[in-house]
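Q: Provide a 3D model corresponding to the input given below.
(one chain, ligands or ions: 1)
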Amino acid sequence: MPTTISKSYTFEAAHLLPNVPEGHKCRRLHGHSYEVWIEVSGELDPVFGWIKDFGDLSKIMKPIIDGELDHRYLNEIPGLENPTAEIIAQWLWKRVKPHLPGLSLVRISETCTSSCSFSE
Ligand SMILES: [Zn+2]
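A: Modelled structure (predicted):
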């Protein structure tokens with residue numbers, strides 16, 4: 001029976017959206033406390049009774065979150081020249097999926113009330 005697990009990570013980063021009209025507030029340099037949720041779906045391992053060790057998720061996610069995104073200017077990262085939540089979610093998917101084949105969803109929040117989900 002397929003089951004899904006989730007784990008969240010946070011990072012702080014600056015960005016601006018270069019393609020929005022002059023005067024749009026997102027065109028000004030600003031920062032967010034981003035929250036990332038990943039979901040992994042699959043069958044339970046018959047011995048361990050889990051899909052995957054949560055610690056294994058962090059071994060994949062921490063180097064990306066802490067090493068590549070935290071306290072960065074996102075626009076400088078290849079692929080994130082226009083770092084909307086949608087594009088960051090897709091970027092994370094492409095970064096994580098090769099290391100985590102069971103990845104079924106990436107969700108990223110910029111604020112308490114705004115988030116984007118991506119899956120293929
Ligand atoms: Zn923003």
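
Q: tell me the SS of the residue of the chain most remote from its centre?
A: In the chain, counting by CA atoms, centre = their mean, Val47 sits farthest out from the average C-alpha position, at 30.1 Å. Taken by DSSP: H, G, I helix; E, B strand; the rest coil, the conformation at Val47 corresponds to coil.

Q: quick one: it and Lys59, what's the gap?
A: 20 Å (CB to CB, to the nearest Å). Quick note: C-beta positions are derived from backbone N, CA and C, even for glycine.

Q: cool, and Phe48?
A: 16 Å.

Q: sorry, back to before: next one: the residue farthest from the centre of the chain, what pLDDT does it get?
A: With respect to pLDDT, Val47 scores 96.

Q: And the one 5 residues further on, by the same measure?
A: We note a pLDDT of 95 for Lys52 in this prediction.

Q: what's the distance between it and Glu12?
A: As judged by CB to CB, Lys52 and Glu12 stand 27 Å apart.

Q: Compare neighbour counts for these two and give me the winner.
A: Lys52 (17 against 12; other CB atoms under 10 Å).

Q: Checking Lys52 next. Helix, strand or coil?
A: coil.

Q: give the contact list for it.
A: Ile5, Val40, Gly42, Gly102 (CB atoms under 8 Å, 6 or more residues apart in numbering).

Q: Which ones among those lie within strands?
A: Applying DSSP state E to those, the entries found in strands are Ile5, Val40, Gly42.

Q: Which one of the residues you listed is nearest to Cys116?
A: Distance to Cys116 across those (CB to CB) is lowest for Val40, with 18.5 Å.

Q: The nearest residue to that closest one once chain neighbours are set aside: what's it in contact with?
A: Using CB to CB, 6 or more residues apart in numbering and skipping the chain neighbours, the partner closest in space to Val40 is Gly102 (4.4 Å). Going by CB under 8 Å, 6+ apart, Gly102 touches Val40, Ser41, Gly42, Ile51, Lys52.

Q: tell me which element Val96 is part of?
A: helix 85-96 (DSSP states H and E).
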